[in-house]
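Asker: I would like to see how this sequence folds:
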Amino acid sequence: MADGMLDGKVVLVTGAGRGIGAEVAKLAAAEGAKVVVNDLGGSIDGDGGGDATPAQEVCNEIAANGGEALVNGDSVADFKAAQGMVQQAVDTFGRIDGIVNVAGILRDVIFHKMSKQDWDLVIAVHLKGSFNVARAAAEHFRNQESGAMVHFTSTSGLIGNFGQANYAAAKLGIIGLSKSIALDMARFGVRSNCMSPFAWSRMIGTIPSNTPEQQERLAKIKQMTPAQIAPMCVYLVSDAANEMGVTAQIFGSRMNEQVLFGQNRPIRSIHREEGWTPRSIHEEGMPALVPSFVPNDRSADIFCWDPI
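Answerer: Below is the predicted model of the structure:
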């Protein structure tokens with residue numbers, strides 16, 4: 001039997017009690033890693049918590065298959081708690097080699113009706129939570145001069161979607177966070193990448209299904225399973241990805257497709273020797289730029305083909 005791609009490594013997976021996080025944790029263990037299964041045990045909108053049952057069930061399954069895992073039930077939104085979950089990995093397994101930031105919540109609402117709480121809670125879990133866990137691992141990675149981070153983004157941020165200003169802002173912010181980590185920590189042998197998943201999960205289950213069009217869309221999404229997201233995540237924390245120099249990238253897994261996303265770069269520049277005025281921008285500049293505008297698309301407009 002071939003050696004596992006994560007033999008000897010210790011990986012922390014947040015939001016690993018259900019869905020994508022659970023599948024990442026189980027595959028990481030199957031590939032030889034010792035795994036910290038973090039899950040707050042709350043509802044999809046961030047309410048509640050304290051139910052360790054889902055995370056324990058994942059650990060039990062890992063153990064039944066010959067792996068090693070432990071439960072952590074703390075919130076990624078708490079800076080000290082994030083430090084604690086990384087320290088728990090080090091205290092129990094002796095080191096930390098990779099983090100996969102999956103934990104998330106949804107509080108979808110059209111922008112003009114979005115409350116401060118809707119905004120704050122989503123930013124706290126997704127963006128602040130990704131920072132908290134990454135920052136907690138960073139000192140260990142720096143000291144050992146190795147480590148890999150995978151942060152979950154979304155096409156809601158990369159492209160756009162209705163009713164998700166909070167979620168989209170957090171997910172696009174995670175792109176900037178990951179790129180900055182990749183730049184700052186490259187000298188220490190640390191890599192950072194993003195994953196934009198396409199899969200049916202508890203979070204996607206909040207999408208309305210009131211019309212035939214919505215029902216058809218959901219039927220297609222249900223073909224894409226959380227287990228199909230896990231292989232790329234596990235690969236990204238492996239030494240094999242390090243050998244390929246995989247860092248500062250944005251990937252997506254969509255059923256049996258692996259996607260590499262582009263990143264923001266200038267697409268058109270115009271120059272006027274005498275400088276610009278508001279009027280000259282209107283009369284000369286904007287007409288030259290308009291043909292290169294990015295359409296006001298949403299995710300489904302770009303990923304419009306059936307999953308394959």
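Asker: looking at the protein, which helix or strand does the model trust least?
Answerer: For the chain, using mean pLDDT, DSSP states H and E, the weakest element among its helices and strands is helix 212-221, scoring a mean of 75.
Asker: report the buried residues of the helix ranked longest in the chain.
Answerer: Counting residues, the longest helix found in the chain (DSSP state H) is helix 165-185. By 16 or more other Cβ atoms under 10 Å, the buried positions in helix 165-185 come out as 165-175, 177-179, 181-182, 185. Quick note: C-beta positions are derived from backbone N, CA and C, even for glycine.
Asker: cool, stretch 244-263 as well?
Answerer: For stretch 244-263, by 16+ other Cβ under 10 Å, it's 246-255.
Asker: buried sites along stretch 92-99?
Answerer: By neighbour count on 16+ other Cβ under 10 Å, the buried set for stretch 92-99 is 93, 96-99.
Asker: quick one: contacts of it?
Answerer: Contacts with stretch 92-99, where a contact means Cβ atoms under 8 Å, 6 or more residues apart in numbering, come from 6, 9-14, 28, 33-34, 36, 68, 70, 86, 89-90, 133-134, 137, 140-141, 144, 146-150, 237.
Asker: and Pro212, how many neighbours does it have?
Answerer: The number of residues packed near Pro212 is 8, by other Cβ atoms under 10 Å.
Asker: look up phi and psi at Asn38.
Answerer: Per-residue torsions, Asn38: phi -90, psi 130 (degrees, to the nearest 10).
Asker: just the pLDDT for it.
Answerer: What the model reports for Asn38 is a pLDDT of 98.
Asker: how much space between it and Thr92?
Answerer: Noted for Asn38: a distance of 13 Å to Thr92, by Cβ to Cβ, to the nearest Å.
Asker: ok, now Tyr235?
Answerer: Separation of Tyr235 from Thr92 (Cβ to Cβ): 25 Å.
Asker: off-centre distance for the helix or strand following the least confident helix or strand of the chain?
Answerer: Sequence order places helix 230-236 as the next helix or strand after helix 212-221, per DSSP states H and E. Relative to the chain's own centre, helix 230-236 is displaced by 12 Å; criterion: Cα atoms, centre = their mean, to the nearest Å.
Asker: centroid-wise, who is the farthest residue in this structure?
Answerer: In terms of distance from the mean C-alpha position of the chain, Glu274 ranks first, at 45.6 Å (Cα atoms, centre = their mean).
Asker: Three-state assignment for that one, please.
Answerer: coil (DSSP: H, G, I helix; E, B strand; the rest coil).
Asker: residues contacting the spatially closest residue to Glu68 that is not a sequence neighbour?
Answerer: Once flanking residues are discounted, Glu68 sits nearest to Lys34: 4.5 Å by Cβ to Cβ, 6 or more residues apart in numbering. Residues near Lys34 by Cβ under 8 Å, 6+ apart: 9-11, 67-69, 89, 92-93.
Asker: okay then, goodbye and thanks.
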